[in-house]
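Colleague: Provide a 3D model corresponding to the input given below.
(one chain, ligands or ions: 1)
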Amino acid sequence: MAAQNLQSVPAERTAGTSETADAEGQAHFDRIIAEDSRIEPRDWMPAAYRKTLLRQVSQHAHSEIIGMQPEANWISRAPSLKRKAILMAKVQDEAGHGLYLYSAAETLGQSRDKMMDDLIAGKARYSSIFNYPARTWADMGAIGWLVDGAAICNQVPLCRASYGPYGRAMVRVCKEESFHQRQGFEILLELSNGTPEQKQMAQDAVNRWYAPALMMFGPPDDDSPNSKQSMAWNIKRFSNDELRSRFVGMMVEQVRVLGLTLPDDQVRFNEDTRKWEHGPLDWHEFQEVLAGRGPCNAQRLERRRAAHDDGAWVREAAAAYAAKQSAKQQKEYAA
Ligand code: 3HC
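Modeller: Numbers count the residues shown, from 1 in each chain. This next block holds a predicted model:
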């Protein structure tokens, strides 16, 4: 990657005050993208770039916090104290990821309150995957292994996203996701080496989560309206299908170690294209989930709304404390 500290064109000099300033800003932006360097919050950026980033980063933030729900349901039912502690740490990590991402999105000019309002009003998207139920303890393994595995595959390239705050947030997120994937793998491995019933429970969970995990990468490239432009702007580095294919390749190796199978007899490596292929996915189901008609959409939003209401006193207390601190500081400056 080219040096990241290119001379920046400050937003206040270029933010649409005149055609010359816009042209100057655009030229600077184009140069940064061409050099594979980074756009920072105060740099001039095209309105469409800001909008697409805000869309992706806020959806990503929402996914992290809604994603806490299927696993949080299992903390009290985890089979040992150690498992509870690990799962609790994982769920807390997801909350942290949401916070980094909301912060990154705020640098694009959107308030966190507005993003949260859109989420609880059902106007914002979050990942399809979190609208599926977690039925057994083995689902904690399948979520960690497949869902966090898919997240890593999708998000490692995002560490090089052209927007600085997003790329930097992704570095930390990916380190933690890597721990999440291993803990899921380890749950499945233990079940797979357990009683025949436990092994079957692990296999059933993999069967349930495999296709939804593949659909996490988004619609096929031909139906992905945003990919082309996002790739031209170095936000996304690979297409949805490319990442899905890489993910299948990763899973093929790991499922053997687990002693389980992928519920897809069409998985194969195509020697001509040098890509992994998989069987057909139910894109109608995917669209239903996106339209709010998945198995758990209503429940997830309801829970999010309740958590938001329950947390009102915390926000009020924090705001009151901040106001007090600010008044104290003003007094000190005035003295
Ligand atoms: N779930 C919900 N919506 C999805 C989706 C999915 N799995 N895949 C695509 N979509 C939506 C897009 O948001 C877009 O909707 P919009 O235009 O109304 O905003 C539409 O479907 C068309 O899809 P595109 O392929 O054109 O959209 P993108 O170029 O944005 O690609 C993406 C979709 C690959 C998900 C991309 O946005 C991305 O890489 N996002 C960052 C990663 C992310 O958000 N992951 C979510 C999971 S988070 C997670 O896994 C947490 C972990 O702890 C497990």
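Colleague: got a list of contacts for stretch 226-244?
Modeller: 33, 36, 48-49, 52-53, 55-56, 153-154, 157-158, 160-163, 166, 214, 217-221, 224, 246, 275, 278 (Cβ atoms under 8 Å, 6 or more residues apart in numbering). C-beta: built from backbone N, CA, C; applies to glycine.
Colleague: check the residues you listed one by one and keep those near the ligand.
Modeller: Among the contacts of stretch 226-244, the residues lying close to the ligand (Cβ under 6 Å from any ligand atom) are R55, Q56, N154, F217, G218, P219, S224.
Colleague: which of the helices or strands spans the fifth one?
Modeller: Right, the one you point to is G218. Here G218, judged by DSSP states H and E, is contained in no helix and no strand.
Colleague: wait, it sits on L281?
Modeller: No: using Cβ atoms under 8 Å, G218 is not in contact with L281; the gap is 11.2 Å.
Colleague: the helix or strand containing A205: which residues count as buried?
Modeller: A205 belongs to helix 196-215 when assigned by DSSP H and E. Using 16 or more other Cβ atoms under 10 Å as the test for burial, helix 196-215 gives 199, 201-206, 208-215.
Colleague: ok, so of those, who is nearest the ligand?
Modeller: M215 (6.0 Å; Cβ to the nearest ligand atom).
Colleague: which of the buried residues of helix 196-215 lies closest to V252?
Modeller: Y210 (11.6 Å; Cβ to Cβ).
Colleague: one step back: which of the ones next to the ligand among the contacts of stretch 226-244 are buried? Put it as a PyMOL command.
Modeller: PyMOL command restricting those to the buried ones, with burial defined by 16+ other Cβ under 10 Å:
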select buried, resi 55+56+154+217+218+219+224
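Colleague: is it possible to get a markdown table of the ones next to the ligand among the contacts of stretch 226-244 that adds pLDDT?
Modeller: Listed next are those as a markdown table, based on pLDDT from 0 to 100:
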| residue | pLDDT |
| --- | --- |
| R55 | 98 |
| Q56 | 98 |
| N154 | 97 |
| F217 | 98 |
| G218 | 98 |
| P219 | 98 |
| S224 | 98 |
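Colleague: which members of the ones next to the ligand among the contacts of stretch 226-244 are the farthest-apart pair?
Modeller: R55 and F217 (16.8 Å).
Colleague: residues of the chain that sit close to the ligand?
Modeller: Checking the chain against the ligand by Cβ under 6 Å from any ligand atom, the hits are 55-56, 59-60, 63-64, 67, 94, 125, 127-128, 147-148, 151, 154-155, 215-219, 224-227, 230, 236, 240, 290.
Colleague: just the ones of the residues you listed in helices?
Modeller: Among the residues of the chain next to the ligand, the members found in helices (DSSP state H) are 55-56, 59-60, 63-64, 94, 148, 151, 154-155, 215, 227, 230, 240, 290.
Colleague: what about Q69, distance to R300?
Modeller: Distance of Q69 to R300, computed by Cβ to Cβ, to the nearest Å: 6 Å.
Colleague: any stretches of the stretch 1-150 of the chain with poor pLDDT?
Modeller: By pLDDT under 70, the low-scoring segments of the stretch 1-150 of the chain are 1-17.
Colleague: and S224, its phi and psi?
Modeller: phi -110, psi 100 (degrees, to the nearest 10).
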